[in-house]
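[1] after the sequence you'll find the predicted model.
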Amino acid sequence: MLLQTNKSEVIFVITLHHLLYILVELNMQENTKKFEVLLNSRLDIYMERIPVFILVILYFISTKVACNGYTHINNNVQSERRALIDFKSGLTDPNNRLSSWKGNNYCYWHGIGCENGTGFVVSINLRNPYPIENDIQSYMNLSGVISPSLIKLKYLKYLDLSFNSFKAIPIPQFFGSMKNLIYLNLSHCGFMGEIPSNLENLSNLQYLDFSSKYTYHNDFGYSSDLFIQNIEWMTSLVSLKHLSANNVNLSMVGSQWIEVLNKLPMLIELHLDDCSLFGSIPSPSFVNFTSLSVIFISSNGFNSTFPEWLLNVSSLVSIDMSWNILHGRIPLGLGELPNLQYLDLSSNFYMEDNISQLLRKSWKKIEFLNLRKNDLHGSIPSFIGNFCNLQYLDLSYSKLNGSLPDIINGTKTCNSKSPLPNLRELDLSDNQLMGKLPNWLGELKNLRRLELSDNKLEGPVNHRKKPSSLSLKWEIFSLK
């Protein structure tokens, strides 16, 4: 009886281990946990009740399941490989970037990422490694046709084809069927035509970039190869965190864009530069941009005052509204945004404010401040030295007057022996500043570029370290 029990126990343990291993391979996590509990329980209870012949039958059943399971996995592997080969066959690859795409182990092919243990393709990254336009980029470009075989990659989450040259073809409609995608980057690929609205099916998408390039259109400007007629479909992208559509023609969308994007509660970054948007920047009926950190809408045709509803978005870190036709006062509340680090309102020409009042606000995290080519007036205040994190300041081409302050505050506030300890670039050129250059200009220890031309300032400038770029035209100056 003891011998029989030992045999039963051995077969039972082997069978359970066998089934557990199979379930792990087949990724059946819920059933695997149940078998782990069973395996860790007291075996003697089962030994008294399960005849040996039943355990033997269980063993052979598990073996059959194993064979079927491995066949299933192998078929999936072959399907993934065939889909990649079909995709490659449609591409033109002048520099043999895909030369590693051969053999059976596709998980080690260039640009391919697989899920551990299953062999399912989860990422394809074929971004051109030389994104700047030059001969090298052209040589490294992939072009040709994008095969719909990508649909067969059921677990694909990440797809990046950016900075290649799929010229004169539309964005494939079948991308809207790849419902597991989390990341899709089709920027600067030369696509043309309307962006397919069936991308609305990608409810898991978190990152979407289909930024385009401009091509010369006529004597009045440039026209984008890509356009959107109705932006309403974007409301379905409920998981979206990053949207870039730079240089995509949105002129047919009108003011609808703000209400649509306001319905994306997880949106963190919004890039709509050069999108042919015109008129005012409307105020949404209810501000839902609770996570918005970056809004770049430069080089459009916005002709309105600054959208003050943005002052209620405390999460904002970066704002770029340069090269529009904004007018009216620069809101003082911008200086009180608790997380703002980057602000570019340059080249609006008609925005106005007293620089002393504007800079009197907190600006506690500001690093980049560009207000050039606006209607700024007044004199630069001494408390500008309190901008401890400031790296870039451009107030050029304005109407600033008076002299520069003899002394600026901030050495105690910034816990530094020198004022503005992080300032690297300072441009005050083309104003109406006059008087002697103050000593603190020579104490800016990290300054690399200084522009003071086209004022009525007088030197000398005694710099500890000469800036790599220095322009003091129309002044009397000396460097020591």
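    That came through, no problem. Numbering: from 1, shown residues only.
[2] what's the distance between the residue positioned nearest the centre of the chain and Ser236?
    With distances taken as C-alpha atoms, centre = their mean, His242 lies nearest the centre of the chain, 5.6 Å away. Distance, His242 to Ser236, using C-beta to C-beta, to the nearest Å: 16 Å. C-betas here are computed from N, CA, C, even on glycine.
[3] any weak-confidence spans in the stretch 1-150 of the chain?
    Where the stretch 1-150 of the chain drops to pLDDT under 70, the residues are 1-75, 132-137.
[4] follow-up on the earlier one: isn't the residue nearest to the centre of the chain up against Ile268?
    Yes: in this structure, His242 is within contact of Ile268 by C-beta atoms under 8 Å, at 6.3 Å.
[5] show me where the chain has helices.
    Assigned by DSSP state H, the helices in the chain fall at 2-25, 29-40, 43-47, 52-89, 135-140, 256-261, 355-359.
[6] show me what contacts Pro148?
    Pro172, Phe174 (C-beta atoms under 8 Å, 6 or more residues apart in numbering).
[7] count the residues that sit near the closest residue to Gly333 other than its chain neighbours.
    Spatially, and ignoring its direct neighbours in sequence, Gly333 is nearest to Leu311 (4.1 Å; C-beta to C-beta, 6 or more residues apart in numbering). Residues near Leu311, counting by other C-beta atoms under 10 Å, number 15.
[8] who's in contact with Leu311?
    The contact partners of Leu311, by C-beta under 8 Å, 6+ apart, come to Pro331, Gly333, Leu334, Glu336, Leu337.
[9] from the residues you listed, which ones fall inside strands?
    Among the contacts of Leu311, no member falls in strands (DSSP state E).
[10] dump those residues into CSV; add distance to Glu115, pLDDT and neighbour count as well.
    CSV is the format used below for the contacts of Leu311 (distance: C-beta to C-beta, whole Å; pLDDT from 0 to 100; neighbours: other C-beta atoms under 10 Å):
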residue, distance to Glu115, pLDDT, neighbour count
Pro331, 49, 97, 19
Gly333, 48, 97, 13
Leu334, 46, 97, 21
Glu336, 47, 97, 14
Leu337, 41, 97, 25
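[11] which single one of these is nearest to Arg372?
    Leu334 (16.0 Å; C-beta to C-beta).
[12] now that closest one: how far from Met321?
    Distance from Leu334 to Met321, by C-beta to C-beta: 11 Å.
[13] spit out the residues that contact these two alike.
    Contact criterion C-beta under 8 Å, 6+ apart; residues shared by Leu334 and Met321: none found.
[14] from what I see, Asn401 and Leu376 are in contact.
    No: the pair Asn401 / Leu376 is not scored as a contact, 10.1 Å apart, by C-beta under 8 Å.
[15] so where's the stretch 151-300 of the chain shaky on pLDDT?
    214-223.
[16] how does it look with 80?
    Scanning the stretch 151-300 of the chain for pLDDT under 80 picks out 213-224.
[17] strands of the stretch 151-300 of the chain, start to end?
    Along the stretch 151-300 of the chain, counting by DSSP state E, counting those that start in this stretch, strands occupy 158-160, 183-185, 193-194, 207-209, 214-218, 221-224, 226-227, 242-244, 269-271, 278-279, 294-296.
[18] now these in a markdown table, with distance to Gly385?
    Listed next are those as a markdown table, based on distance: least, C-beta to C-beta, whole Å:
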| stretch | distance to Gly385 |
| --- | --- |
| strand 158-160 | 44 |
| strand 183-185 | 42 |
| strand 193-194 | 52 |
| strand 207-209 | 39 |
| strand 214-218 | 42 |
| strand 221-224 | 42 |
| strand 226-227 | 46 |
| strand 242-244 | 36 |
| strand 269-271 | 32 |
| strand 278-279 | 40 |
| strand 294-296 | 28 |
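[19] closest one to Asn141 among the ones you listed?
    Comparison of those against Asn141 by C-beta to C-beta identifies strand 158-160 as nearest, at 14.4 Å.
[20] list the buried residues in that closest one.
    By 16 or more other C-beta atoms under 10 Å, the buried positions in strand 158-160 come out as Tyr158, Leu159, Asp160.
[21] which of Asn401 and Leu376 has more neighbours?
    Neighbours per residue, other C-beta under 10 Å: of Asn401 and Leu376, the larger number sits with Leu376, 22 against 16.
[22] mind checking how far the spatially closest residue to that one that is not a sequence neighbour is from Gly328?
    With sequence-adjacent residues excluded and distances taken as C-beta to C-beta, 6+ apart, Leu376 is closest to Ser398, at 3.9 Å. According to C-beta to C-beta, Ser398 stands 16 Å off from Gly328.
[23] these two: which is more packed in?
    Ser398 (23 against 14).
[24] what separation do you get for the more buried one and Phe349?
    From Ser398 across to Phe349, the span is 10 Å (C-beta to C-beta).
[25] what's the answer for Leu270, then?
    24 Å.
[26] what about the two, which has more around it?
    Legend: neighbour count by other C-beta under 10 Å for Leu270 and Phe349, higher for Leu270 (20 against 15).
[27] how about the contacts made by that one?
    By C-beta under 8 Å, 6+ apart, the contact set of Leu270 is Leu243, Leu261, Leu292, Val294, Ile295, Phe296, Ile297.
[28] 7 Å instead?
    Residues near Leu270 by C-beta atoms under 7 Å, 6 or more residues apart in numbering: Leu243, Leu261, Leu292, Val294, Ile295.
[29] give the buried residues for stretch 381-396.
    Neighbour count says stretch 381-396 has 381-382, 384-396 buried, by 16+ other C-beta under 10 Å.
[30] contacts for it, please.
    Counting contacts by C-beta under 7 Å, 6+ apart, the residues outside stretch 381-396 that touch it are 346, 355-356, 359-360, 363, 365-372, 376, 405, 407-410, 413-414, 419-430, 451.
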